[in-house]
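Enquirer: Sharing a sequence plus its predicted fold:
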Amino acid sequence: MKIEEVKSTTKSQRISAHSHVKGLGLDEEQRAIRSASGLVGQEQAREASGIIVELIRRKKMAGRAVLLAGPPGTGKTALALAVAHELGSRVPFCPMVGSEVYSTEIKKTEVLMENFRRAIGLRIKEVKEVYEGEVTEMTPTETESSYGGYGKTISHVVIGLRTVKGTKQLKLDPSIYETLQKEKVEVGDVIYIEANSGGVKRQGRCDTYATEYDLETEEYVPLPKGDVHKKKEVVQDVTLHDLDIANARPQGGQDILSIMGSLIKQKQTEITDKLRREINKVVNKYIDQGIAELVPGVLFIDEVHMLDIECFTYLHRALESPLAPIVIFATNRGRCLIRGTEILSPHGMPLDLLDRIMIIRTLPYGMEDMIDILRIRAKVEHLDITEDSLQTLAEIGNVSTLRYAVQLMTPANILARINGKEQIEKEEIEEVRDLFLDAKSSALLLKQEDSKYMK
């Protein structure tokens, strides 16, 4: 008799440095819970970030900026990601690093403006005439090809749609049949077809087809109410950068030369200020008419000290624009030179820009906080580790850095498996520490053996 073990159907995900962060971990009174939503400690910084989130929700923060300042490994990027989680998926969150502006293809200021526009959302509400329902039949009708030969072409497609109130049969253009195939529409799916444009949107599988499986990739939706032919409010979320790209890209022909040209010319091009001004006029018109709503998002610029004086000057102008997102800067530098000048300044930023920024300070973690963070990381990475090992790792993190301590965990787990152990013990941690040096130990070794290295 052959017996096979059923493999787990749990979806495996790649684990990043901040996979465990799910929010700011605040209570109803906006007070930080010591360990919640993947964040530990940094109570003051989290409470300050909570106020920023509230300001963004109330739309009182547009055109302002926040600076997260603190030593390396104190949770600045984690805080920015927590803010993004709190705001939800509907609010645009655009992360970038200061060094991204140094492109060989487009100007520094253009990179900044592109990211500014990516962080500004536009929620467009439209009442459209649609045909909505569950697909009961989908029959394409073929005819002889007009080009001769044995080939056949689709002349039209007959589709049946059902709602709670009734059913309707539609005769559709062959181009709509192509869209149905792209959307992978099948009998039993709930779809809507726009009457004016012929656009098709698959909403999901009808819940009458729901099975008893514990894990399914399919999303089930209820059978639509009302008539098949109706007026429906469609909400679409786009960013200003999406509108810029759509209007800047010339619509080429359908001939082979145009298609080949669009494939070859993949080089990034700048969008002119004139085009942006025209788009802004249209956007403002839609907002005044109540068709669209502006959603100021968050632009997160990490390692802001990498920007130069030209970028900082440009940021001044961009922040004063009526269409500006909330900007969160982050830096781990103290007093350093402003790039492109000989001026020594706090955080490597001009004083006039610092003067208009709200600064949130992050502090180094204590031993207790480090143990809790390491415990969370072990849980996220599915590592079985003893309390003694966590204590040893926290001591290592206290002497060197928390990042170094976190990085030792996975190699220690591999060593434990090689040694035939189920748990990571203190011996594995100490062995891995000898195998992999931290930055401080490496620098000390270089100093001691300076003569042996090439100059």
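Expert: Cool, the structure landed. As the structure is a prediction and not an experimental result, all values here were calculated from the model. Residues are numbered from 1 along each chain as shown.
Enquirer: drop to CA atoms for contacts and neighbour counts, all remaining ones
Expert: Fine.
Enquirer: ok, then the element right after the longest strand along the chain?
Expert: The residue-count maximum for a strand in the chain (DSSP state E) belongs to strand 120-144. Per DSSP states H and E, the first helix or strand lying C-terminal to strand 120-144 is strand 152-162.
Enquirer: For whatever helix or strand comes next after that next one, name the packing helices and strands.
Expert: For strand 152-162, the following helix or strand on the C-terminal side (DSSP H and E) is strand 167-172. Secondary-structure packing of strand 167-172 (3 or more C-alpha pairs under 8 Å, 6 or more residues apart in numbering; DSSP states H and E): strand 152-162.
Enquirer: Quick one: mean pLDDT over the strand it packs on.
Expert: For strand 152-162, mean pLDDT rounds to 80.
Enquirer: now it against strand 167-172, angle please.
Expert: 160 degrees (axes from the mean of the first three to the mean of the last three C-alpha atoms, to 10 degrees).
Enquirer: List the neighbouring strands of strand 152-162 plus their orientation.
Expert: Strands that pair with strand 152-162, judged by DSSP bridges, come out as strand 120-144 (antiparallel), strand 167-172 (antiparallel).
Enquirer: how about it: buried residues?
Expert: 154-162 (16 or more other C-alpha atoms under 10 Å).
Enquirer: again with stretch 326-341
Expert: For stretch 326-341, burial by neighbour count (16+ other C-alpha under 10 Å) applies to 326-333, 337-339.
Enquirer: With stretch 87-99 instead?
Expert: Within stretch 87-99, the residues that qualify as buried are 87, 91-99, counting by 16+ other C-alpha under 10 Å.
Enquirer: now do stretch 423-430
Expert: For stretch 423-430, burial by neighbour count (16+ other C-alpha under 10 Å) applies to 423-426, 428-430.
Enquirer: who touches that stretch?
Expert: With contacts defined as C-alpha atoms under 8 Å, 6 or more residues apart in numbering, stretch 423-430 is touched by 383-386, 388-389, 392-393, 408-409, 412-413, 415-416.
Enquirer: Then stretch 280-299?
Expert: Taking C-alpha under 8 Å, 6+ apart as the rule, stretch 280-299 contacts 56, 59, 62, 84, 91-96, 115-116, 119-126, 323-328.
Enquirer: Mind putting the contacts of stretch 423-430 into CSV with distance to residue 288?
Expert: Listed next are the contacts of stretch 423-430 as CSV, based on distance: C-alpha to C-alpha, whole Å:
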residue, distance to residue 288
383, 55
384, 58
385, 59
386, 61
388, 63
389, 61
392, 61
393, 58
408, 56
409, 55
412, 60
413, 59
415, 64
416, 64
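Enquirer: Looking at those residues, which are in strands?
Expert: Secondary structure assignment by DSSP E places none of the contacts of stretch 423-430 in strands.
Enquirer: Quick check on those residues: which are buried?
Expert: Going by neighbour count (16+ other C-alpha under 10 Å), the contacts of stretch 423-430 have 383, 385, 389, 392-393, 408-409, 412-413, 415-416 buried.
Enquirer: follow-up on the earlier one: please narrow the buried residues of stretch 87-99 to those residing in helices.
Expert: residue 87 (DSSP state H).
Enquirer: Looking at the buried residues of stretch 87-99, which one is closest to residue 209?
Expert: For the buried residues of stretch 87-99, the minimum distance to residue 209 (C-alpha to C-alpha) is 33.3 Å, reached by residue 91.
Enquirer: who's in contact with that closest one?
Expert: With contacts defined as C-alpha under 8 Å, 6+ apart, the neighbours of residue 91 are 84, 121, 295-298.
Enquirer: Kindly recompute the last result at 10 Å.
Expert: If you count contacts by C-alpha atoms under 10 Å, 6 or more residues apart in numbering, residue 91 has them with 56-57, 84-85, 119-123, 237, 239, 295-298.
Enquirer: Over to residue 384?
Expert: Going by C-alpha under 10 Å, 6+ apart, the list of residues near residue 384 reads 375, 378, 413, 416, 421-425.
Enquirer: go on, residue 336?
Expert: By C-alpha under 10 Å, 6+ apart, the contact set of residue 336 is 305, 342-349.
Enquirer: Going by distance to residue 70, which of those residues wins?
Expert: Distances from residue 70 to these, taken as C-alpha to C-alpha, are shortest for residue 347 (9.7 Å).
Enquirer: Let's see which of the buried residues of stretch 87-99 end up in strands.
Expert: Under the assignment DSSP E, those contribute 93-97 to strands.
Enquirer: Got phi/psi on the closest residue to residue 401 other than its chain neighbours?
Expert: Computed as C-alpha to C-alpha, 6 or more residues apart in numbering, the closest residue to residue 401 that is not its neighbour in sequence is residue 73, at 7.2 Å. Here is the backbone geometry of residue 73 (degrees, to the nearest 10): phi 70, psi 30.
Enquirer: Was I right to think residue 73 contacts residue 364?
Expert: Yes: look at residue 73 against residue 364 with C-alpha atoms under 10 Å: they come within range, at 7.7 Å.
Enquirer: what residues are shared contacts of those two?
Expert: 401-402.
Enquirer: about what we covered before: most tightly surrounded among the strands paired with strand 152-162?
Expert: Of all the strands paired with strand 152-162, strand 120-144 carries the top mean neighbour count, a mean of 19, counting by mean count of other C-alpha atoms under 10 Å.
Enquirer: Could you check how far that one is from the centre of its chain?
Expert: 28 Å (C-alpha atoms, centre = their mean, to the nearest Å).
Enquirer: for stretch 435-450, same thing?
Expert: That offset, for stretch 435-450, works out to 37 Å (C-alpha atoms, centre = their mean).
Enquirer: Repeat that for stretch 75-93.
Expert: Remark: stretch 75-93 is offset 9 Å from the chain centroid, using C-alpha atoms, centre = their mean.
Enquirer: same deal with stretch 304-321?
Expert: That offset, for stretch 304-321, works out to 23 Å (C-alpha atoms, centre = their mean).
Enquirer: same question, stretch 182-193
Expert: Worked out by C-alpha atoms, centre = their mean, stretch 182-193 lies 28 Å from the chain centre.
Enquirer: Stretch 233-248 too?
Expert: For stretch 233-248, the distance to the chain centre is 17 Å (C-alpha atoms, centre = their mean).
Enquirer: which outside residues touch that stretch?
Expert: Residues contacting stretch 233-248 (C-alpha under 10 Å, 6+ apart): 90-92, 113-130, 269-272, 275-276, 278-280, 283, 292-297, 323.
Enquirer: Let's test this: mean pLDDT of that stretch, rounded?
Expert: 77.
Enquirer: repeat for stretch 303-319
Expert: 84.
Enquirer: What of stretch 97-105?
Expert: What stretch 97-105 shows for mean pLDDT is 79.
Enquirer: Mind listing residues that contact that stretch?
Expert: Residues outside stretch 97-105 that contact it (C-alpha under 10 Å, 6+ apart) are 107-112, 267-270, 300-308, 311, 329-331.
Enquirer: 7 Å - rerun?
Expert: Here stretch 97-105 makes contact (C-alpha atoms under 7 Å, 6 or more residues apart in numbering) with 108, 111-112, 268, 301-304, 306-307.
Enquirer: Residue 177 touches residue 157, doesn't it?
Expert: Yes: taking contacts as C-alpha atoms under 7 Å, residue 177 lies within contact range of residue 157: 6.5 Å.
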